[in-house]
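Engineer: pasting the structure only:
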């Protein structure tokens, strides 16, 4: 069994209203050293694959086909034995 | 400047309807090796702090006070120079 972590982030050129809202909330709480907040998705997928290379390939295919929107999002995948 | 990554996940005992929906979508696409999907939040915060220890402490305080709901969520923070 493998554990794939998929990090989905908006591309740098895409506006991020959720990140701006979080930044405003942090500033209202007194966190005045915050310069930028970008909000993304974090998915942890448990996979039954024979080896780490297969697990990585499957997780990357999942990100391309469903988890990330390639028009506006980037993604990164990390895989470890579970 | 430091770059803090905050990973917010539902506690293992908490139901995750978003994760179940994503799992269903992956299975419908033919990804039949998926055993579990847990959906969380991934926040990237750019901080103007004097050193890495301060940046980590501020990011952890942000997670406790705003970014994560301690009743149902766990969080993890990683900090690197930006």
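Structural biologist: Here it is on my side, so go on. On a predicted model such as this, the values are computed, not experimentally measured, just so you know.
Engineer: which element is residue A:25 on?
Structural biologist: helix A:17-28 (DSSP states H and E).
Engineer: what helix or strand does the closest residue to residue A:35 other than its chain neighbours sit in?
Structural biologist: Spatial nearest neighbour of residue A:35, excluding adjacent residues (Cβ to Cβ, 6 or more residues apart in numbering or on different chains): residue B:46 at 4.3 Å. The C-beta positions use only the backbone N, C-alpha and C, and glycine is treated the same way. With secondary structure defined by DSSP H and E, residue B:46 is part of strand B:34-47.
Engineer: Flag every residue of chain A that's near chain B.
Structural biologist: Taking Cβ under 8 Å from any Cβ of the partner chain as the measure of proximity, chain A contacts chain B at A:1, A:7-9, A:19, A:22, A:25-26, A:29, A:31, A:33-49, A:58, A:61-62, A:65-67.
Engineer: Give me the buried subset of the residues you listed.
Structural biologist: Buried members of the residues of chain A next to chain B, scored by 16 or more other Cβ atoms under 10 Å in any protein chain shown, are A:7-9, A:19, A:22, A:25-26, A:31, A:33-34, A:37-47, A:49, A:58, A:61-62, A:67.
Engineer: list the contacts for residue A:37?
Structural biologist: Going by Cβ atoms under 8 Å, 6 or more residues apart in numbering or on different chains, residue A:37 touches A:16, A:19-20, A:22-23, A:26, B:43-46.
Engineer: which residues does the residue lying closest to residue A:27 once chain neighbours are set aside contact?
Structural biologist: If the residues on either side of it in the chain are set aside, residue A:27 comes closest to residue A:34, at 6.5 Å by Cβ to Cβ, 6+ apart. When contacts are counted by Cβ under 8 Å, 6+ apart, residue A:34 touches A:23, A:26-27, B:45-47, B:62.
Engineer: Next: residue A:63.
Structural biologist: Shown here is residue A:63, whose contacts under the criterion Cβ under 8 Å, 6+ apart are A:6, A:8, A:75, A:77.
Engineer: if we go to 10 Å?
Structural biologist: Listed by Cβ atoms under 10 Å, 6 or more residues apart in numbering or on different chains, the contact partners of residue A:63 are A:4, A:6-8, A:43, A:45, A:70, A:73-77.
Engineer: go on, residue A:77?
Structural biologist: A:4-7, A:43, A:45, A:55-63, A:67.
Engineer: Residue B:82: which of these is nearest?
Structural biologist: Comparing the contacts of residue A:77 against residue B:82 with Cβ to Cβ places residue A:7 closest, at 16.7 Å.
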